[in-house]
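> take a look and give me a structure for this.
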Amino acid sequence: MTPETSAILLVENSPLQTGPNPFRGGGVLGRLLRLLPQSKRARTSMRNSLYGAAEYVALPLGMLLATPLLLRHLGLAQFGIWMLASAAITSSNLISTGFGDAALKYASMYRTDSKRFENTLRVNLTINLALGATLALLLWCGAPYAAGSIFKITAGLRGDAIAAFRIGSLILLLRCIEGVLIGALRSHERYGPAVQISIASRSAIVLAACFLVWRGHGIVAIMAATLCAVAISVVVQMIVVRVQIARIKLIPSFDRTAFKEVFSFGGFSWLQAVAGCVFNQADRLLVGALLGASSVGYYSVCVQAAQPIHGLLAAGLHFLFPHLSARLSTAPTAQLRGVVASVFRVNVIAAIILCLAVVIFSKLILRLWMGPAFAAQAWMVLSIIALSFGFLSLNVTAHYALLALAHVRLVALLNLLGGAAMLVAMLLLAPRFGLAGAAAGRLLYGPITLLLYGRLHKALSPTSAENSSAFGQLAVSGTESR
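Numbering: from 1, shown residues only. Predicted structure coming up:
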C-alpha cells in the first residue's frame, strides 16, 4: 500500500499532470488507474518505492528461509563466526560509505552536467576507498586478535575465523566501490537495475552458502563465494552505469569544488552513520550489563521483529531524497510543498498501520516465531519497542526532505541527541523496571527526531521561499551544512 499510494500522491503537483485535479473524489485504486497512464513521474516514483522496499526485505527473507539448513550443517559455532564476519563488514561499510548521502544529493543536482556529475562520483569514490581501505586494513591485521581475544573462538575454529575476517576485508573494499555505482543510478532515479543486481547477488550468496554446507564445506568457502558474488555484482553495476547513465571514468580523483561540497555535507552524514553503528550495539551492551545475557536474547529478538516498521518506510520512501534534490532548482516551491505534504500523509498512515499491527499482535507474532514460552516473557517488550519504532518511522519524510534541502547538520544532531537520550533513559529505567524499562527508554528517540518537522515547515513556507528567492541556491551552497 505504501509505495503505490506514495506514487499517486506525488503526482498531485507534478508538472506532467494535465487537466482537472483527479484527487477530488474517487478512491485510491481509481486514482492509481487514472494517474499511471498520464504521468511518467508517478510510474517512476512507484517503481522506485517498490524496489526500495523489495531490497530491504530480500536478504532477511532469504536468511530466514535458509537459517535452519545452515545451522544444521554448519553448527552454532561456525554460523556465529559467519554472523560476526558479516556484522563486521556491514558496520565497516556503513562507516566507510557515510558520505554516500552527500554524493547522492549533488549527483542528483548535477545529473544534467556531465562534468560536475562525474567529479562528484569520483570524489565520492576517493573518500570511500580511503575510509574503506583503512577499515579493511584494521580488519585484516586485527583478525587474529579478534578471533583469539575479543570473541574467544575455540582453537579448532580460530584459523577459519581469521580467514573469514580477512576475506571480509576484501569484500568491504568492493562494497565501497559498489556504493558509488548504486549512488550513480539512484541519482538518476533509476532504482530498478541497482536493486535487481543487489537482490540477485544476495540471493546467490545465500544459495551458494546452502549448497556449500550441503556439500560439507565451511565458513571459509562461504566467505570466498561471497567475495566472488560481490565482485561480479560490482562489474555488472559498472556495466549498467555505463550503458544507462554515461561512460564515466570512475577512478579516484580530487576536484577541489566537488570535494568541498561532498565533504562539507557528508561530514555530518558520516557522523550520523558512525553514531548509528554505535547506538545499534550500545543498547544491547547496556541491556547485557544491567540485566544479563538472557535478557539480551529477548531484547534482540524483539528489536529484530519491530525494526521493519521503520526500515520498510525508510527504504520505500528513499526515492524522495534524489527526487527533491534534482528538482530544487527548477520546481516551484508550492510544488515542492505539495510533494512533501503528500508523502508525509502516506508516511503517517503507513507508520500507524505497521506499528499497530505489531503492537496488537505482538504475543501472536512471538508465539508463532519463537514459541509460547518466549512469547509469554517478551510480548510486552515487543509492543513497547514496536511503538518506539512507530514514532521513529514518522520522521522519514522530514529526514529525506531536509537532506535534500542541505539541512544535514540538524538531521545529524537531532539523531545524535535522540540516540543519547535513549541510552540515558535505558540506563535509568532498566534497573528498576527490567526489560520493559529498557524498551521504554527507546520511546524518547522518535519524538526527539520529530522536531525535524519544525525546520522543514519553516524551510518550505511561502515566506521563506519568497525571502530566499529559490531553494536551488540554498541546496547548492549547502549553507545549513556549513
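> could you use CA atoms for every contact and neighbour count after this?
Noted.
> pLDDT wise, what is Tyr51 at?
pLDDT, the model's per-residue confidence, is 68 for Tyr51.
> give me the element the closest residue to Arg442 other than its chain neighbours is part of.
Here the nearest residue to Arg442 in space, its sequence neighbours aside, is Met422; by CA to CA, 6 or more residues apart in numbering that works out to 5.1 Å. Remark: Met422 resides in helix 408-441, with elements defined by DSSP states H and E.
> look up how far Leu135 lies from Leu212.
Leu212 sits at a distance of 28 Å from Leu135 (criterion: CA to CA, to the nearest Å).
> Thr226 reaches Ser203, doesn't it?
No - at 10.5 Å, Thr226 and Ser203 do not qualify as touching, with contact defined as CA atoms under 8 Å.
> with neighbour numbers in mind, choose between these two.
Shown here are Thr226 and Ser203; by other CA atoms under 10 Å, Thr226 has more neighbours (22 against 18).
> which stretch of helix or strand covers that one?
Under the criterion of DSSP H and E, Thr226 resides in helix 219-244.
> show me which residues of the next helix or strand along the chain from that helix are buried.
Heading C-terminal from helix 219-244, the first helix or strand you meet, by DSSP H and E, is helix 256-291. Across helix 256-291, burial judged by 16 or more other CA atoms under 10 Å covers 258-259, 261-276, 279, 283-284, 286-288, 290-291.
> same check, this time on stretch 353-372
Of the residues in stretch 353-372, those buried under the neighbour-count criterion (16+ other CA under 10 Å) are Leu354, Cys355, Leu356, Val358, Val359, Ser362, Lys363, Leu364, Ile365, Leu366, Arg367.
> same check on stretch 84-94?
Residues of stretch 84-94 classed as buried under the neighbour-count rule (16+ other CA under 10 Å) are Leu84, Ala85, Ser86, Ala88, Ile89, Thr90, Ser91, Ser92, Asn93, Leu94.
> still on that earlier bit, which elements pack onto the helix holding Thr226?
In this structure, helix 219-244 makes packing contacts with helix 40-96, helix 155-187, helix 191-214, judged by 3 or more CA pairs under 8 Å, 6 or more residues apart in numbering; DSSP states H and E.
> off-centre distance for the second one?
Taking CA atoms, centre = their mean, to the nearest Å, the mean C-alpha location of helix 155-187 is offset from the chain mean by 17 Å.
> what's the angle from it to helix 40-96?
Relative orientation of helix 155-187 with respect to helix 40-96: 140 degrees, computed using axes from the mean of the first three to the mean of the last three CA atoms, to 10 degrees.
> now swap in the last one and tell me
Orientation of helix 191-214 against helix 40-96 (the same axes, to 10 degrees) gives an angle of 50 degrees.
> what helices and strands are in contact with helix 191-214?
Applying 3+ CA pairs under 8 Å, 6+ apart, one finds that helix 191-214 contacts helix 40-96, helix 155-187, helix 219-244.
> need the winner for burial among those helices.
helix 155-187 (a mean of 23; mean count of other CA atoms under 10 Å).
> that one packs against which elements?
Using 3+ CA pairs under 8 Å, 6+ apart as the contact criterion, the neighbours of helix 155-187 among helices and strands are helix 40-96, helix 100-109, helix 114-145, helix 191-214, helix 219-244.
> what about the last one, distance to the chain center?
Going back to what we said before, that points to helix 219-244. Centre to centre, stretch against its chain (CA atoms, centre = their mean), the figure for helix 219-244 is 20 Å.
> might you report the residue contacts of the nearest residue to Met380 once chain neighbours are set aside?
Counting by CA to CA, 6+ apart, Ala436 is the residue found nearest to Met380 once chain neighbours are left out, at 7.1 Å. Shown in contact with Ala436 (CA atoms under 8 Å, 6 or more residues apart in numbering): Met380, Val381, Ile384, Ala430.
> element containing the second one, please.
Remark: Val381 resides in helix 372-393, with elements defined by DSSP H and E.
> contacts for that helix, please.
With contacts defined as CA under 8 Å, 6+ apart, helix 372-393 is touched by 298-299, 302-303, 305-307, 309-311, 313-314, 347, 351-352, 354-356, 358-360, 362-364, 366-367, 435-436, 439-440, 442-447, 449-450.
> okay, domains of the protein per the record?
Structural domains assigned to the chain are 50-254, 268-482, following automatic domain parsing.
> picking up where we left off before, in helices only, show me the buried residues of stretch 353-372.
Of the positions in the buried residues of stretch 353-372, Leu354, Cys355, Leu356, Val358, Val359, Ser362, Lys363, Leu364, Ile365, Leu366, Arg367 sit in helices, assigned by DSSP state H.
> from Ile150, how far out is Leu104?
Distance of Leu104 to Ile150, given as CA to CA: 36 Å.
> so which of those two has more stuff around it?
When neighbours are counted by other CA under 10 Å, Leu104 and Ile150 differ, and Leu104 comes out ahead with 28 against 10.
> pull the contacting residues for that one.
Gly183, Ala184, Arg186, Ser187, Pro322.
> please report how far it lies from Asn128.
Relative to Asn128, Leu104 is positioned 13 Å away (criterion: CA to CA).
> pull the residues that contact stretch 205-223.
For stretch 205-223, the external contacting residues (CA under 8 Å, 6+ apart) are 62-63, 66, 69-70, 73-74, 78-79, 81-82, 160-161, 163-164, 167-168, 225-226, 229.
> in it, what's buried?
Buried residues in stretch 205-223 (16+ other CA under 10 Å): 205-206, 208-210, 212-213, 218-223.
> restricting to C-alpha, output it in CSV.
Extracted C-alpha coordinates of stretch 205-223, given in CSV (Å, rounded to 0.1, in the frame of the first residue of the first chain):
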residue,chain,number,x,y,z
ILE,A,205,25.2,-15.7,-1.7
VAL,A,206,22.5,-17.4,0.3
LEU,A,207,22.0,-20.2,-2.3
ALA,A,208,25.8,-20.7,-2.6
ALA,A,209,26.1,-20.9,1.2
CYS,A,210,23.3,-23.6,1.3
PHE,A,211,24.9,-25.6,-1.5
LEU,A,212,28.4,-25.4,0.1
VAL,A,213,27.3,-26.5,3.5
TRP,A,214,25.3,-29.3,2.0
ARG,A,215,28.5,-30.5,0.3
GLY,A,216,30.4,-30.4,3.6
HIS,A,217,32.2,-27.1,3.2
GLY,A,218,32.5,-24.5,6.0
ILE,A,219,32.7,-20.8,6.7
VAL,A,220,35.8,-20.1,4.6
ALA,A,221,34.2,-21.4,1.5
ILE,A,222,31.1,-19.4,2.2
MET,A,223,33.1,-16.2,2.5
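> before we move on, the earlier item: surely the residue nearest to Arg442 is in contact with Leu443?
Yes - between Met422 and Leu443 there is a contact at 7.3 Å, judged by CA under 8 Å.
> which parts of stretch 137-147 are buried?
Buried, per 16+ other CA under 10 Å, within stretch 137-147: Leu139, Trp140, Ala143, Pro144, Ala146, Ala147.
> how close does the first one sit to Leu444?
To tie it back to what came earlier, the one meant is Leu139. When CA to CA is applied, the distance between Leu139 and Leu444 equals 34 Å.
> quick one: contacts for the residue lying closest to Met238 once chain neighbours are set aside?
Taking CA to CA, 6+ apart, and ignoring the residues beside it in sequence, Met238 has Leu181 as its nearest neighbour in space, at 6.4 Å. The contact partners of Leu181, by CA under 8 Å, 6+ apart, come to Val234, Gln237, Met238, Val241.
> how close does the second one get to Tyr191?
As judged by CA to CA, Gln237 and Tyr191 stand 12 Å apart.
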